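J.: Sequence and predicted structure below; questions after.
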Amino acid sequence: MSKMNFFEKKRQDLIKSYEGYDPNAYQLDGEDFYTIGYGSTEDEYGNPFKSTDKVSEDRAQELLNHHIARARSKVSQVPGYKKLPPNTRIAVDSFAYNSGPNFIDDDDGYGTINRAIRAGNAEGIAEALPLYNNGGLAGLVRRRDEEAKLALTPAFDRIDSTLRNDLSRAFGTEAVLKGAPVKWGGKDYGWQSPEGFNSIVPN
């Protein structure tokens, strides 16, 4: 696998933190399927796992990569998804991994979040996420709350944070560009060094 960029790693770390790693197949109460590794319920070919299955951490990572890509390939086709800021996409990807990407076709069960995704509405997505916690399961409540918070968090990269959502960027916003501090001078001036920003006379 090629080296992950900042946002790919952030997405994977979020998913891993909630899925956890288990080398042995397990079955939760009330479920008729087995889960293994980082929350995988089937292999790359759609074969469900059995109670006797085991995976190494490397194999669990392969399954994780596959299922993240599978989830994203579905939700990223929704036109509104492409309008979303980077962190909102990560929140949606985490939700898709956890719920299964076919949620996007189920407006009876997921209509609130689906409408928000189709509209490219980050605020609507953040409001919708906490609704899907399976009746208030503690782990899902925490996960949905973190995803909702992330959905509204401007995207800052320690090396290049200028990918922040333009719609939320205020005049004078501080960021980092190629490792150096910059400030947002508006659409007329773009990113400026602190010295260059101080010379701007706002209209």
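T.: Ah, there it is. Numbering: from 1, shown residues only.
J.: where in this protein is pLDDT low?
T.: For the chain, residues meeting the criterion pLDDT under 70 lie at 1-2, 156-169, 202-203.
J.: Go again with 90.
T.: Along the chain, segments meeting pLDDT under 90 span 1-7, 28-31, 85, 135, 153-191, 200-203.
J.: tell me which element the nearest residue to residue 129 once chain neighbours are set aside is part of?
T.: In space, and not counting its chain neighbours, residue 129 is closest to residue 148: 4.2 Å by CB to CB, 6 or more residues apart in numbering. All C-beta spots, glycine's among them, are computed from the backbone N, C-alpha and C. Secondary structure assignment for residue 148, by DSSP states H and E: helix 138-151.
J.: What are the buried residues along that helix?
T.: Across helix 138-151, burial judged by 16 or more other CB atoms under 10 Å covers 140, 143-144, 146-148, 150-151.
J.: need the contact list for residue 25.
T.: 34-36, 49-54 (CB atoms under 8 Å, 6 or more residues apart in numbering).
J.: how near is the nearest residue to residue 141 once chain neighbours are set aside to residue 50?
T.: Once flanking residues are discounted, residue 141 sits nearest to residue 133: 4.8 Å by CB to CB, 6+ apart. Distance, residue 133 to residue 50, by CB to CB, to the nearest Å: 29 Å.
J.: ok, now residue 61?
T.: 21 Å.
J.: neighbour count winner among the two?
T.: residue 61 (17 against 9; other CB atoms under 10 Å).
J.: Secondary structure of that one: a helix, I assume?
T.: Yes - per DSSP: H, G, I helix; E, B strand; the rest coil, residue 61 lies within a helix segment.
J.: That one: what's it in contact with?
T.: Per CB under 8 Å, 6+ apart, neighbours of residue 61: 37-38.
J.: contacting residues for the spatially most central residue of the chain?
T.: By CA atoms, centre = their mean, the mean C-alpha position of the chain lies nearest to residue 90, the distance being 1.5 Å. Residues near residue 90 by CB under 8 Å, 6+ apart: 7, 10-11, 14, 150.
J.: Now flag whichever of these is closest to residue 196.
T.: The shortest gap between residue 196 and any of the contacts of residue 90 belongs to residue 7, at 27.7 Å (CB to CB).
J.: if I look at residue 60, how far off is residue 46?
T.: 18 Å.
J.: Leaving aside the residues adjacent along the chain, what's closest to residue 40?
T.: residue 63 (4.1 Å).
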